[in-house]
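>>> Sequence first, predicted coordinates after that:
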Amino acid sequence: MGLENHGNLIRVGVCDLDSLYCSWLENWTVRQRYKSEFETEFCNRILEISGAPEEKNAKNTAEKRTGKGTGSEKGSERIPEACREVTSNIGETVFENPELGLKVTVWEAVHPSTNIFYRTFEVRNVSNSSRRLRLFSNQNYRILETKIGETAVIDKHVLIHYKRDRYFLHASEPAFDQYAAGTAEWKGLEGTWKDMESDANLSGNPVAHGSVDSTLGWTLPELKPGEATRVHFWIVLGKNYCNVLKVHKRVKEAGKSDLFHHNFNFWNSFTERVSVLPEYAWMPQLPEKVIKSFYRSLLAAVAHMDITGSVIASCDSDIRQFGADLYTYCWPRDAAWVCLALDRARYHHLSAETFEFFSKTITTRGNFLHKYTPAGDFGSTWHPVPMIQIDETGLPLYALYNNWEIAKSVWTTGRYYRGLVIPAANYLTKSVDKETDLPISSFDLWEERKGVHTYSACTVYAGLRGACELARSLGDYSNADIWKAAADRVKEAIIERLYDGKLKRFRRSLEESTLDSSVFAVWYFGILPPDDPRVVRTMEAIEHELLRPSGGIARYLHDSYYGYMNSWIICTLWLSQWHSAMGNLERALELLVWCATHAHPSGLMPEQIDDRGRPLSVLPLAWSHSAFVLAVLEYLQALAKTEGESCSLPEK
């Protein structure tokens, strides 16, 4: 996940065979979202696969997800509630071109367990005259991220792009009736798509090697006004020819819509685990957009996880950070926050995979480096040696403790105690300065400045305190006493040295008094309770001075990253979490709604929002989504408390 990006440019076009006018869909009006409503035919197939009676399935899902009745009308057809307002990982993109009188809808999904990408194109004639059309798909890969040494070849009714042990097999139903493989991006040759633009026909060349591309074409049946037709298109990925061909044959035999059903059922079953949460009973009281954003956030966070246990910060392939770098690295900080959210939502098996990744990447000194590739190698960095961000060691340790507090799995604790807890806790203990009792100077969580930061110190305390409790749970009392003593020293120093009596709030760092939203860590990691006057004054200052015109919260005063004091999703959610902890549920919910409202129409959340409400920087950001999951569950816990219900977790 996030290691190799073979994609370069895959685009779709339509040609009118009478006028020979051709147009690429990317230039049309585009709307994107995840599909949430399904036709009766699709739903019946889902119910058939699950073996559940339609009425029972509809009733259960309605009660669980929406609190509404068991059915709704769509024209004269009754749509099972099981197939309405659901969270799916099926993408839906609508391309419209009023001038051409065409509307193309694309549904796409990835199989949950097999390397198949599946697309269905629906081409609809919205003009007043009959149309003769041809649909084209152009593939221009950079396999292993270069254009050198690739082959594109037509093999009967399939197209294969390959290099070394990377194979991409393309097939469709109906089968394509036009094709061309050729040279692209080399010595002035642009690619086979030029054939399409010139006369709506392709050359039929079956093979090309080197720097290549390919184009496939489908001559569509004549469409009368209002009529539509569909083309089903799939790409099978694998490491050898026989493997991709075998999977392709299974797709052909299974039927053209089964992959969508598998995807739908798998992820719906995945989110059903949320129903075991004590907070689940209160979810119907949330606004619909918050409920949808919660489930989307859960799926988005998991979508950034790899089978190795790494969690990349963002799968955004458009962003370019600091010259020519990406966000497809595993920062231990971001990964730890995702673990906190997954454990809070009871997905302990997934967080355990990340703890395994941590155990393999921790250094011999007991700390974590700046960031890692998904394979666990040391990632690129802009930090000078020794590249220390001490919160990136404190947070993974705290995340493991949080897992113990919720799951109470001695197996997980015992498995990672010697390889992760002991070295990390000893490293943090040695990193506490004997004069200040605060952690040594390191880069802050924003990775911008070096110093002794409040947020970092709080995570060190949380890590050491957590290590102490883990040691006690296993009977290692000598280490528990050492780590507790170190944690207590850090806690006292944070209160004494990082609270500014004149400003009546916590400072960003020992060196700087700048107001920074990250000092929420003082109450979140248990240094002081949320209602302590020093915490209250600090959080009120954040809300008053960092509140932006759009309604979100900035990172800190005069932040200039991607613009002036943009709102950050995570910072806005930190304030919501504090209001929940204080029982200010109306304000907490307002901030949750703000985040849900400012998500992309797909429900994906960016890193930042500008003052006009537009997303900036990476989209999506795994940290934004994990923070939303945490904030919603903490709000629901607080809501249950106000109603006198039991919905509690162990104290931090």
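On my side now, so go ahead. Numbering: from 1, shown residues only.

>>> And the pLDDT for D437?
For D437, the pLDDT comes out at 97.

>>> actually Y167, not the one I typed
The model reports Y167 with a pLDDT of 97.

>>> which SS state does it fall under?
strand (DSSP: H, G, I helix; E, B strand; the rest coil).

>>> didn't it look like it was pressed against I160?
Yes: here Y167 reaches I160: they are 6.3 Å apart, a contact under C-beta atoms under 8 Å. No exception for glycine: its C-beta is placed from N, CA and C like everyone else's.

>>> got any residues that touch both of those two?
Common neighbours of Y167 and I160 (criterion: C-beta atoms under 8 Å, 6 or more residues apart in numbering): Y241, V244.

>>> what are the bridge partners for Y556, then?
Residues found in beta-bridge contact with Y556 (criterion: DSSP bridges) are D516.

>>> Distance-wise, check F628 relative to G2.
21 Å (C-beta to C-beta, to the nearest Å).

>>> Give me the more crowded residue out of these two.
Taking F628 and G2 together and counting by other C-beta atoms under 10 Å, F628 has the greater number of neighbours (29 against 22).

>>> can you give me the offset of stretch 245-261 from its chain's centre?
For stretch 245-261, the distance between its averaged C-alpha position and the chain's averaged C-alpha position is 27 Å (C-alpha atoms, centre = their mean, to the nearest Å).

>>> Provide the contact partners of that stretch at residue level.
Residues external to stretch 245-261 that are found in contact with it (C-beta under 8 Å, 6+ apart): 42, 45-46, 49, 90, 107, 109, 111, 114-116, 118, 120, 158, 169, 171, 173, 232, 234, 236, 238.

>>> Those residues, buried ones only, as a PyMOL selection?
Burial among the contacts of stretch 245-261 is assessed by 16 or more other C-beta atoms under 10 Å; the matching PyMOL selection reads:
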select buried, resi 42+45+46+90+107+109+111+115+116+118+120+158+169+171+173+232+234+236+238
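
>>> Mind checking which of the contacts of stretch 245-261 land in strands?
Counting by DSSP state E, the members of these that fall within strands are 107, 109, 116, 118, 120, 158, 169, 171, 173, 232, 234, 236, 238.

>>> For K147, what are phi and psi?
Dihedral angles phi and psi of K147 (degrees, to the nearest 10) take the values phi -100, psi 10.

>>> rewinding a little: can you tell me which of the ones in strands among the contacts of stretch 245-261 lies closest to F294?
Proximity of the ones in strands among the contacts of stretch 245-261 to F294 was ranked by C-beta to C-beta; the top entry is A109 with 21.2 Å.

>>> Tell me the secondary structure at the residue lying closest to the closest one once chain neighbours are set aside.
Closest residue to A109 apart from its sequence neighbours, by C-beta to C-beta, 6 or more residues apart in numbering: N263 at 4.2 Å. Each residue gets one of three states, and N263 gets helix by three-state DSSP.

>>> ok, now which ones touch N263?
Listed by C-beta under 8 Å, 6+ apart, the contact set of N263 reads S88, N89, I90, A109, V110, H111, P112.

>>> at 7 Å instead, please
Contacts of N263 were listed using C-beta atoms under 7 Å, 6 or more residues apart in numbering, and they are N89, I90, A109, H111, P112.
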